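Engineer: I'd like to go over a predicted model; first the sequence, then the structure.
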Amino acid sequence: MATATRRLFPALLKTLAPAGARGLSTEKAVGVAAVVGSHTAKWMQDTSKKSPMELINEVPPIKVDGRIAVCEGASEGVGLGHPIEYICLDLEAPNVCKYCGLRYVQVHHH
């Protein structure tokens, strides 16, 4: 069985990678990084606009009665949010949604 596998493996590789097909070249990868870097640099120079993190930090922590918060990202509209994230609120500090950065805190009723 091992002999058959060794004999068929090169043929399998040829079917997975057709002739002339190449992966992402270093030149293309460096070019993409340069475009992304220059775009980010231009965006960072405009100090009249707030960064997304600054905007999300202006939203106060959302108070939740239970131990688990459910975040979908969008407050209105269908399909504008992110995958549903269940956030455990057992800690005293606000917990952050890993997708959108909204903060949630548990309201303690005594």
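Structural biologist: Alright, I've got the coordinates. Numbering: from 1, shown residues only.

Engineer: what ranges do the strands span in the protein?
Structural biologist: Along the chain, the stretches classed as strands by DSSP state E are 62-64, 68-71, 85-88, 95-96, 103-106.

Engineer: got a list of what residue 101 touches?
Structural biologist: Residue 101 makes contact with 52-53, 56-57, according to C-beta atoms under 8 Å, 6 or more residues apart in numbering. Yep, even glycine has a C-beta here, placed from its N, CA and C like the rest.

Engineer: between these, which is closest to residue 98?
Structural biologist: Distance to residue 98 across those (C-beta to C-beta) is lowest for residue 56, with 12.4 Å.

Engineer: what separates the closest one from residue 66, distance-wise?
Structural biologist: Distance from residue 56 to residue 66, counting by C-beta to C-beta, to the nearest Å: 23 Å.

Engineer: poorly predicted segments of this structure, please.
Structural biologist: Along the chain, the parts satisfying pLDDT under 70 run over 1-36, 43-44, 74-79, 110.

Engineer: can you do 90?
Structural biologist: Residues of the chain meeting the criterion pLDDT under 90: 1-57, 72-82, 91-93, 108-110.

Engineer: and the helices in it?
Structural biologist: In the chain, the helices defined using DSSP state H lie at 2-16, 26-45, 52-57.

Engineer: turn the contacts of residue 101 into a markdown table, including neighbour count.
Structural biologist: Supplementary listing: the contacts of residue 101 in a markdown table, determined by neighbours: other C-beta atoms under 10 Å:
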| residue | neighbour count |
| --- | --- |
| 52 | 10 |
| 53 | 9 |
| 56 | 15 |
| 57 | 12 |
